[in-house]
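**Q** could you look at this predicted model? Sequence included:
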Amino acid sequence: MSARSPLSVVFLLHVALEAPLAISAFWSPTSLPFLQMTNTTLVLLKLYTAFTAATCVTTLLVHPLPEFLPGKRALAIGLCVYHSIASTVLFQAPRFIPHSFGPLFESLKVTPEVLGLAMVVWWQGTLGYVSMTRKAT
């Protein structure tokens, strides 16, 4: 068993889904299709963009690392918590984006929790790497 799991692609999935929003919100936050934008929401959006950009950078940095390293596992837990909270908040919030991914995604209630679940799958799928490393030391 090598020190890398194919499940590590979930880190790149995080970057692929979060980076476009971070880049768009950084350069032109008013071009995003949010309803009722105010100066306060623009400031909060910029702060969220900084957080999202930071998670994208750290995710890119840990992606090539072995699965058993505590830093990679800590980031995965942090992203699980982030995506769980974000999906709960967004799922319960009134609609603030006037666009949809279509009736199929609406009926399936696709939310950010899908990525949080993917991080949990990575965590469980790589426990063998951690136990293998513990036995070797």
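**A** Ah, there it is.

**Q** worst-scoring helix or strand of the chain, pLDDT-wise?
**A** helix 103-108 (a mean of 70; mean pLDDT, DSSP states H and E).

**Q** quick check: what element follows the helix or strand containing Q124 along the chain?
**A** Here Q124 sits within helix 113-125, counting by DSSP states H and E. Tracing the chain past helix 113-125, the next element assigned as helix or strand by DSSP H and E is helix 127-136.

**Q** so which bits of that next one are buried?
**A** Y129, V130 (16 or more other Cβ atoms under 10 Å). For the C-beta atoms, the positions are set from N, CA and C on the backbone; glycine is no exception.

**Q** likewise stretch 61-69?
**A** Here stretch 61-69 shows V62, H63, L65, P66, E67, F68 as buried, counting by 16+ other Cβ under 10 Å.

**Q** hmm, E67 and T126 touching each other?
**A** Yes. The criterion here is Cβ atoms under 8 Å, and T126 meets it with E67 at 4.0 Å.

**Q** common neighbours of the two, please.
**A** Each of S5, S8 lies in contact with both T126 and E67 under the rule Cβ atoms under 8 Å, 6 or more residues apart in numbering.
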